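Novice: Sequence below, structure please.
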Amino acid sequence: LPAMAALWDDIRTGLCGGDETTQFGPRKETGSALYRIDTLASVGCSQPGAAPPRFFAASSKRYFAVAAANQVHVLDSGCSETVASLNFEATVERLEFDHAAQFLVIADSSGDVHFMDVEGERILFSQSLLPNTNTNSTPTFADVTLQRRDGDGSSELLVVASSGIIFFFSNIRFDDLRQAIEERSLEKAQQIR
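Specialist: All right, here's what the predicted structure looks like:
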């Protein structure tokens, strides 16, 4: 991490069911309940006085991921337990899970897109899409969208840069990648990449 980066690593989980009121005070609600709101977790800085970063999140049936500054935290679906935490050299700007929530796509301000194995808690590979010229507060990436194709089981990743450049990854075989990881076959994994 850069020397000046604050660590947003104070993760408080399991707040639903009483701790929420203790942590944040009573919620002021009026009218009939069309929905329910629960505070499931909070992300704080372990360094007092740090300016708050931009937060990004992604959710699936299995996991919830939140990015704060240079860190990504993956929590279980109920936000009661931290599954993985990763630090990056650049500010994380976008997150997206694959269809089975086995992999997380992470885009950062240096122009890189990373593919994370959630269960293995590691980055499998990274792809540099843009030169690292981001020196201001303008995000490098505007959107990251991942969809599973009907029929052949492959996925497509659409990455939109704030500059207007659109990148399209096609024929991503996450199921084959999971199998290569389970078989510990580096050769098979490299063929998929």
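Novice: any idea which helix or strand carries the residue most central in space within the chain?
Specialist: When the chain is reduced to its mean C-alpha position, the closest residue under Cα atoms, centre = their mean turns out to be residue 95, at 3.7 Å. Using DSSP states H and E, the element containing residue 95 is strand 92-97.
Novice: And for that strand, what's in contact with it?
Specialist: 54, 56-60, 63, 65-72, 103-109, 118, 139-141, 143-146, 157 (Cβ atoms under 8 Å, 6 or more residues apart in numbering). From N, CA and C alone the C-beta is placed, and that goes for glycine too.
Novice: Show the residue spans covered by the strands in this protein.
Specialist: Using DSSP state E, the strands of the chain run over residues 10-13, 41-44, 55-59, 63-68, 71-76, 82-87, 92-97, 103-108, 112-117, 122-128, 141-148, 155-161, 166-172.
Novice: what about the closest residue to residue 127 other than its chain neighbours, distance to residue 71?
Specialist: With sequence-adjacent residues excluded and distances taken as Cβ to Cβ, 6 or more residues apart in numbering, residue 127 is closest to residue 113, at 5.1 Å. According to Cβ to Cβ, to the nearest Å, residue 113 stands 17 Å off from residue 71.
Novice: is it true that residue 147 touches residue 169?
Specialist: No. Residue 147 is beyond contact range of residue 169, at 10.9 Å (criterion: Cβ atoms under 8 Å).
Novice: Looking at the two, which has the bigger crowd around it?
Specialist: Neighbours per residue, other Cβ atoms under 10 Å: of residue 147 and residue 169, the larger number sits with residue 169, 16 against 13.
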